[in-house]
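Undergrad: structure for the following, please:
(one chain, ligands or ions: 1)
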Amino acid sequence: MAGSGKFFVGGNWKCNGTKDSIAKLVSDLNSASLEADVDVVVSPPFVYIDQVKSSLTDLIEISGQNSWVGKGGAFTGEISVEQLKDIGCKWVILGHSERRHVIGEKDEFIGKKAAYALSEGLGVIACIGEKLEEREAGKTFDVCFEQLKAFADAVPSWEKVVVAYEPVWAIGTGKVASPQQAQEVHVAVRDWLKKNVSEEVASKTRIIYGGSVNGGNCAELAKEEDIDGFLVGGASLKGPEFATIVNSVTSKKVTA
Ligand SMILES: O=C(CO)COP(=O)(O)O
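TA: Take a look at the predicted model:
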């Protein structure tokens, strides 16, 4: 059973780019031919969102890479949901492994952020995923379910949530999960949603995969029934390769 709704491909640019490199990337994305039946989102660093919003085709939506947990105010260095909306964002990535494991964000805090962003009308790309040692210890599902539960405990609705399964060992390592490894976790996540949230949420929520997705491996991954799209890091910094990943939706159609 796959999530209903369009294939979803997000490009997480992380802390990369300059005004010039981003102008080039936007121009490449504007001239790329992208399958119409895909929700495409890019997530530039905050300081370039305005530049991207004013130059990128409206066919691609924009996401923040993080947001503050509540209304803005005296929170030095933070960016509020209201500001993301004001500048044209429709989405925010929350719970990314780099925020969890490098910055130290905790499940409950991330859940609160998700609830606040949703209450203000942003869509949330909710990231979960296990570390290598957790996978090796047979704890993949436990870790993913715990992270998922923190979102589930906090969010009022799943309508605008996309779950991104991003195994930490696959992020930026060139070591992509095999289609079977990803599919196995996506099925487990869907099953968890069915048991713990509702059958409807389980069947409607898109579960996308992230971790070393590139132009060469996307088609095989996209064929898996429960892989409803991708969250792409490094390869999203190259317009033509990102377009190939967006267009891997056609592999899904062939086998569907
Ligand atoms: O973290 C990721 C997307 O959010 C994945 O990064 P890479 O595609 O560079 O492995």
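
Undergrad: show me the shaky parts of the chain.
TA: 1, 253-256 (pLDDT under 70).

Undergrad: alongside the ligand, which residues does it contribute?
TA: Within the chain, the positions near the ligand by Cβ under 6 Å from any ligand atom are 12, 96, 166, 171-172, 210-213, 231-235. For the C-beta atoms, the positions are set from N, CA and C on the backbone; glycine is no exception.

Undergrad: make a markdown table out of those residues and add neighbour count.
TA: Listed next are the residues of the chain next to the ligand as a markdown table, based on neighbours: other Cβ atoms under 10 Å:
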| residue | neighbour count |
| --- | --- |
| Asn12 | 26 |
| His96 | 28 |
| Glu166 | 27 |
| Ile171 | 22 |
| Gly172 | 13 |
| Gly210 | 27 |
| Gly211 | 26 |
| Ser212 | 21 |
| Val213 | 31 |
| Leu231 | 28 |
| Val232 | 28 |
| Gly233 | 23 |
| Gly234 | 18 |
| Ala235 | 19 |
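
Undergrad: ok, now which ones touch the nearest residue to Ser33 once chain neighbours are set aside?
TA: Leaving out its chain neighbours, the residue that sits closest to Ser33 by Cβ to Cβ, 6 or more residues apart in numbering is Ala243, at 7.1 Å. Contact analysis of Ala243 by Cβ atoms under 8 Å, 6 or more residues apart in numbering lists 29, 32-34.

Undergrad: of those residues, which is the nearest to the ligand?
TA: Leu29 (16.6 Å; Cβ to the nearest ligand atom).

Undergrad: what's the burial count for that closest one?
TA: For Leu29, the neighbour count with other Cβ atoms under 10 Å is 24.

Undergrad: which strand or helix spans the residue nearest to Ser33?
TA: helix 239-246 (DSSP states H and E).

Undergrad: dump that helix to PDB, keeping only the CA atoms.
TA: Extracted in PDB, the C-alpha atoms of helix 239-246 (Å, rounded to 0.1, in the frame of the first residue of the first chain):
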ATOM      1  CA  GLY A 239      19.700  21.100 -11.400                       C
ATOM      2  CA  PRO A 240      19.800  18.400 -14.100                       C
ATOM      3  CA  GLU A 241      20.400  15.600 -11.600                       C
ATOM      4  CA  PHE A 242      17.600  16.800  -9.300                       C
ATOM      5  CA  ALA A 243      15.300  16.900 -12.400                       C
ATOM      6  CA  THR A 244      16.200  13.200 -13.100                       C
ATOM      7  CA  ILE A 245      15.300  12.400  -9.500                       C
ATOM      8  CA  VAL A 246      11.900  14.300  -9.800                       C
END
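
Undergrad: what residues sit buried inside it?
TA: 239, 241-246 (16 or more other Cβ atoms under 10 Å).

Undergrad: how much space between the residue nearest to Ser63 when sequence neighbours are not counted and Ser157?
TA: Nearest residue to Ser63, sequence neighbours excluded (Cβ to Cβ, 6+ apart): Trp91, at 3.5 Å. As judged by Cβ to Cβ, to the nearest Å, Trp91 and Ser157 stand 15 Å apart.
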